[in-house]
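1. turn this into a structure:
(one chain, ligands or ions: 1)
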Amino acid sequence: MKYILLLAVVLGTFWLLRSLRKPKLPREPEAKPPAAPASPEDMVSCAHCGVHLPRSESLPGRGGVFCSEAHRSVFENQRSG
Ligand SMILES: [Zn+2]
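-> As a prediction, the model looks like this:
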């Protein structure tokens, strides 16, 4: 019975320490560029013309992300041939 009480105290101490420590933001495995300002959405730049656009509006390609279908095909054609 003594051990149960001891366990409760230990668990309580751990819980207290955890709640005292501010939870840090989980680190994402993908490294983000530090130059990007705090924005609600990730900004990416077109690999062909360099224009910045939200990630949701970008087109992923083989050499990066692109602002439009045209730039993606131009970039990939340049690389392939
Ligand atoms: Zn572009």
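2. of all the residues in the helix or strand harbouring Phe75, which ones are buried?
-> Here Phe75, judged by DSSP states H and E, is contained in helix 69-80. By neighbour count on 16 or more other Cβ atoms under 10 Å, the buried set for helix 69-80 is 71-72, 75-76. The way it works is simple: take the backbone N, C-alpha and C, and place the C-beta from them, glycine included.
3. then stretch 47-67?
-> For stretch 47-67, burial by neighbour count (16+ other Cβ under 10 Å) applies to 47-48, 53, 58-59, 61, 65-67.
4. quick check: mean pLDDT of it?
-> Averaging pLDDT along stretch 47-67 gives 95.
5. and that stretch, C-alpha only, in PDB?
-> Provided in PDB are the C-alpha atoms of stretch 47-67 (Å, rounded to 0.1, in the frame of the first residue of the first chain):
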ATOM      1  CA  ALA A  47      11.700  27.500 -59.200                       C
ATOM      2  CA  HIS A  48      11.500  29.100 -62.700                       C
ATOM      3  CA  CYS A  49      10.700  32.800 -62.200                       C
ATOM      4  CA  GLY A  50      11.100  33.100 -58.400                       C
ATOM      5  CA  VAL A  51       7.700  34.700 -57.700                       C
ATOM      6  CA  HIS A  52       6.400  34.000 -54.200                       C
ATOM      7  CA  LEU A  53       3.100  32.400 -53.700                       C
ATOM      8  CA  PRO A  54       1.300  30.400 -51.000                       C
ATOM      9  CA  ARG A  55       2.100  26.700 -50.900                       C
ATOM     10  CA  SER A  56      -1.500  25.800 -51.600                       C
ATOM     11  CA  GLU A  57      -1.400  27.700 -54.900                       C
ATOM     12  CA  SER A  58       1.900  26.300 -56.000                       C
ATOM     13  CA  LEU A  59       2.400  23.400 -58.400                       C
ATOM     14  CA  PRO A  60       4.900  20.800 -57.200                       C
ATOM     15  CA  GLY A  61       7.300  19.700 -59.800                       C
ATOM     16  CA  ARG A  62      10.400  17.700 -60.100                       C
ATOM     17  CA  GLY A  63      12.800  20.600 -59.600                       C
ATOM     18  CA  GLY A  64      10.700  22.400 -57.000                       C
ATOM     19  CA  VAL A  65       7.500  24.200 -56.900                       C
ATOM     20  CA  PHE A  66       6.100  26.400 -59.600                       C
ATOM     21  CA  CYS A  67       3.700  29.300 -60.000                       C
END
